[in-house]
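[1] What follows is a protein structure lacking sequence information:
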């Protein structure tokens, strides 16, 4: 008999992670694609993370922004497809909060990261959320159409936000972006408190 | 000196406005967060509901404007983060003795610093603001009602705090016109007087 491989064990471990999927798709009345788009637009935690990522990429210039804009949706889509075909139930509230907090810290401190690191961060963030979205969609019987709605909405949001930040050269404008990053961190810290309180 | 805002603000403002509009609706949510109910407006109104918080946060902006760069933006960046840290301590039940006295003292000290136009080294100024921010955050954290939508409440709460700092900074710009610069110090004295009143109430 063939012994289970590493991937099988990994999948089994992910499946065994505790927690409940809380998301549900909003019915836009316009079909699964727009349901997915609306789902993302009405998820403030995801929006904050996307905003922080876009600000971070935008601050680092056009090369980093382009890398993030490419890496994020590709990773999100791949993660989503994996989640759709191998649904796992993940409790990602902590991880999601910590991930957008990390982005906020990097923005607030104007971390001078090379484009490859920005792209990697975008990729990890995309895979994480894609996996969550894909799993949630699979559990609800939704499919690739909704996932595409989510991914393309994420792409548009990051594209617009980073494109708004890239040309900013005035000192005050860049400080404003960093202040926004500090606000993201502050929201994250309060969220950690809320999460800890809810589990106590 | 620093540059004043240019037309590059418009995309940022547009994006910020768009985010606010996106986050405004309260009726439909894709995610149900843990520990929820109220929302963005509730969080937005919370920091401005208490005069002791308001005067201290405006004083941070005033003092930052007096100190100039880089304190002008470092202090308002520090305050929300440390305030949120204090809020987190409150939420997870870590007690902080003398919270109300600490809040009242923050108005007294910050008001005095503005009134005296005291110029401390940046690191010391950050520590002073950070210390008081924890008290303010702890009070807010323990005052958050059960059943609020955590994410939106937090977002509104942080934005309102930041905007109050912005009000202080904007008022603080008057010091650039020498004839009216004394008004700024007078505002500091008012904050200090208000702080003494709050301190009296907290100690009673």
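    Cool, the structure landed. From a predicted model like this one, the values you see are computed outputs, not experimental measurements. Residues are numbered from 1 along each chain as shown, chains lettered A, B, ... in the order given.
[2] which residues touch the residue of chain A found nearest chain B?
    Per Cβ to the nearest Cβ, residue A:193 is where chain A lies closest to chain B, at 3.0 Å. Placement of C-beta: from N, CA and C, glycine included. Going by Cβ atoms under 8 Å, 6 or more residues apart in numbering or on different chains, residue A:193 touches B:87, B:88, B:89, B:90, B:91, B:92, B:141.
[3] If I look at the closest residue to residue B:139 other than its chain neighbours, what pLDDT would I see?
    Nearest non-adjacent residue to residue B:139, counting by Cβ to Cβ, 6 or more residues apart in numbering or on different chains: residue B:99, 5.0 Å away. At residue B:99, the model reports a pLDDT of 81.
[4] farthest pair in the contacts of residue A:193?
    Greatest spatial distance among the contacts of residue A:193 (Cβ to Cβ): B:87 and B:92, at 9.8 Å.
[5] So the two - more neighbours on which side?
    Just comparing residue B:87 and residue B:92: by other Cβ atoms under 10 Å in any protein chain shown the higher neighbour count belongs to residue B:87, 31 against 16.
[6] What ranges in the chain fall below the confidence cut-off?
    Just going to use chain A. Within chain A, the stretches with pLDDT under 70 are A:1-29, A:89-91, A:200.
[7] my bad, the chain I had in mind was chain B
    Counting by pLDDT under 70, chain B contains low-confidence ranges at B:1-39, B:141-148.
[8] quick one, phi/psi of whatever residue of it ends up closest to chain A?
    Of all residues in chain B, residue B:91 sits closest to chain A, at 3.0 Å by Cβ to the nearest Cβ. Per-residue torsions, residue B:91: phi -70, psi -40 (degrees, to the nearest 10).
[9] Assign residue B:95 to helix, strand or coil.
    Under DSSP: H, G, I helix; E, B strand; the rest coil, residue B:95 falls in the coil class.
[10] how many other residues sit next to it?
    Residue B:95, neighbours per other Cβ under 10 Å, totals 9.
[11] distance of it from residue B:153?
    Distance, residue B:95 to residue B:153, using Cβ to Cβ, to the nearest Å: 22 Å.
[12] buried residues in the longest helix along chain A?
    As assigned by DSSP state H, the longest helix anywhere in chain A is helix A:171-199. Residues of helix A:171-199 classed as buried by neighbour count (16 or more other Cβ atoms under 10 Å in any protein chain shown): A:172-197.
[13] same check, this time on stretch A:60-75
    Across stretch A:60-75, burial judged by 16+ other Cβ under 10 Å covers A:60, A:64, A:65, A:66, A:67, A:68, A:69, A:71, A:72, A:73, A:74, A:75.
[14] what's the answer for stretch B:63-73, then?
    For stretch B:63-73, by 16+ other Cβ under 10 Å, it's B:63, B:64, B:65, B:66, B:67, B:71, B:72, B:73.
[15] List of residues touching it?
    Identification of contacts with stretch B:63-73 by Cβ under 8 Å, 6+ apart yields A:175, A:178-179, B:2, B:74-76, B:110, B:113-114, B:117, B:119-120, B:122, B:125-126, B:129, B:165, B:168-169, B:171-173, B:175, B:184, B:188.
[16] Endpoints of that stretch, how far apart?
    End-to-end distance of stretch B:63-73: 11 Å, with Cα to Cα, to the nearest Å as the criterion.
[17] For residue B:178, give its distance to residue B:184.
    With distances taken as Cβ to Cβ, residue B:178 is found 11 Å from residue B:184.
[18] show me the contacts for the closest residue to residue B:83 other than its chain neighbours.
    Distances taken as Cβ to Cβ, 6+ apart place residue B:137 nearest to residue B:83, at 3.6 Å, with adjacent residues excluded. Residues near residue B:137 by Cβ under 8 Å, 6+ apart: B:82, B:83, B:84, B:85, B:86, B:87, B:88, B:89, B:90.
[19] In this structure the fourth one contacts residue A:192, no?
    No - in this structure, residue B:85 is not within contact of residue A:192 by Cβ atoms under 8 Å, at 9.6 Å.
[20] Which stretches in the chain count as helices?
    Defaulting to chain A. A:6-16, A:32-41, A:44-59, A:62-85, A:93-108, A:115-140, A:144-165, A:171-199.
[21] that's the other chain; I wanted chain B
    Going by DSSP H, chain B shows helices at B:9-23, B:40-45, B:51-67, B:71-91, B:99-115, B:122-143, B:150-172, B:181-203.
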